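sequence plus the predicted model coming up.
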Amino acid sequence: MTQPEIGVLALQGDVREHVHALEAAGARPVLVRRPSEVEAVDAIVLPGGESTTIVRLARTFDVLEPLRARIAGGMPAYGSCAGMILLADRILDGVEGQETVGGLDVTVRRNAFGRQVDSFEADVDFTGVEGPDVHAVFIRAPWVEETGPGAQPLARVRGGEADGRIVAVRGGPTGALLATSFHPELTGDLRVHALFVDLVRDSASDRAEGPVNR
Ligand SMILES: NC(=O)CC[C@H](N)C(=O)O
């Protein structure tokens, strides 16, 4: 699979920015709004936006359960900001009864950075991304309060009041779920999307090889 077909959940949020970044990173992006489209893609991106709106629309459009099933079955997914909230198994400071898609063994705190630093930019050292630090844009961002055994931190805030807070993670049933508190789709730095595209290719070749006979 040289050019995986990666869906972008297109209900609300910065869909177009992810489409451009995925294209530039060598994937074939497609918009996903229907259950049949969830079934057809190799992987999915959950964009930044407003997590409460996206999850409500996902219910309305009957894609919430199909997304849950495919992600639980090992489909790779990447969520930025609101998308990170959607992938989290547990949320703090959500609205009453806020649901998620889930799959990622983390507790995420919504709007975690508070009013003072509502939106800010910082450079983060991102495990798995070669080269200089990733310039991270945070917009009313969540952070990962806690990772369970099924998820690993990939990047943390350096300095300031939020020093050490986790802002990128990887995990999921097959290690193919990626989430960032920030928005690489807004900076023109394609390395995080490229990392995800590689992960999608790897998970497809694992499937093609099939189970190992012992
Ligand atoms: N930039 C973003 O995606 C913001 C996320 C938003 N604060 C939410 O709770 O969904």
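Arrived safely.

what packs against the helix or strand bottoming out on mean pLDDT in the chain?
Lowest on mean pLDDT, DSSP states H and E among the helices and strands of the chain sits helix 191-209, with a mean of 91. Here helix 191-209 touches strand 5-9, helix 15-24, strand 43-46, strand 177-180, going by 3 or more Cβ pairs under 8 Å, 6 or more residues apart in numbering; DSSP states H and E. C-beta coordinates here come from the backbone N, C-alpha and C atoms, glycine included.

try 7 Å this time
Here helix 191-209 touches strand 177-180, going by 3 or more Cβ pairs under 7 Å, 6 or more residues apart in numbering; DSSP states H and E.

how far away from the center of its chain is the strand it packs on?
For strand 177-180, the separation from the chain centroid amounts to 4 Å (computed by Cα atoms, centre = their mean, to the nearest Å).

so which elements touch that strand?
Looks like strand 177-180 contacts strand 77-80, helix 82-87, strand 166-171, helix 191-209 (3+ Cβ pairs under 7 Å, 6+ apart).

that older thread, with just CA atoms, put the least confident helix or strand of the chain into PDB.
Presented in PDB, the C-alpha positions along helix 191-209 are these (Å, rounded to 0.1, in the frame of the first residue of the first chain):
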ATOM      1  CA  ARG A 191       6.400  15.200  10.000                       C
ATOM      2  CA  VAL A 192       3.500  14.200  12.300                       C
ATOM      3  CA  HIS A 193       1.200  13.400   9.400                       C
ATOM      4  CA  ALA A 194       4.100  11.500   7.800                       C
ATOM      5  CA  LEU A 195       4.600   9.500  11.000                       C
ATOM      6  CA  PHE A 196       0.900   8.600  10.900                       C
ATOM      7  CA  VAL A 197       1.000   7.700   7.200                       C
ATOM      8  CA  ASP A 198       4.000   5.400   8.000                       C
ATOM      9  CA  LEU A 199       2.100   3.800  10.900                       C
ATOM     10  CA  VAL A 200      -0.900   3.200   8.500                       C
ATOM     11  CA  ARG A 201       1.400   1.500   6.000                       C
ATOM     12  CA  ASP A 202       3.000  -0.600   8.700                       C
ATOM     13  CA  SER A 203      -0.300  -1.700  10.100                       C
ATOM     14  CA  ALA A 204      -1.500  -2.700   6.600                       C
ATOM     15  CA  SER A 205       1.600  -4.800   5.900                       C
ATOM     16  CA  ASP A 206       1.200  -6.500   9.300                       C
ATOM     17  CA  ARG A 207      -2.300  -7.500   8.300                       C
ATOM     18  CA  ALA A 208      -1.200  -8.700   4.900                       C
ATOM     19  CA  GLU A 209       1.400 -11.000   6.500                       C
END
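
having no further points to raise, I will conclude here.
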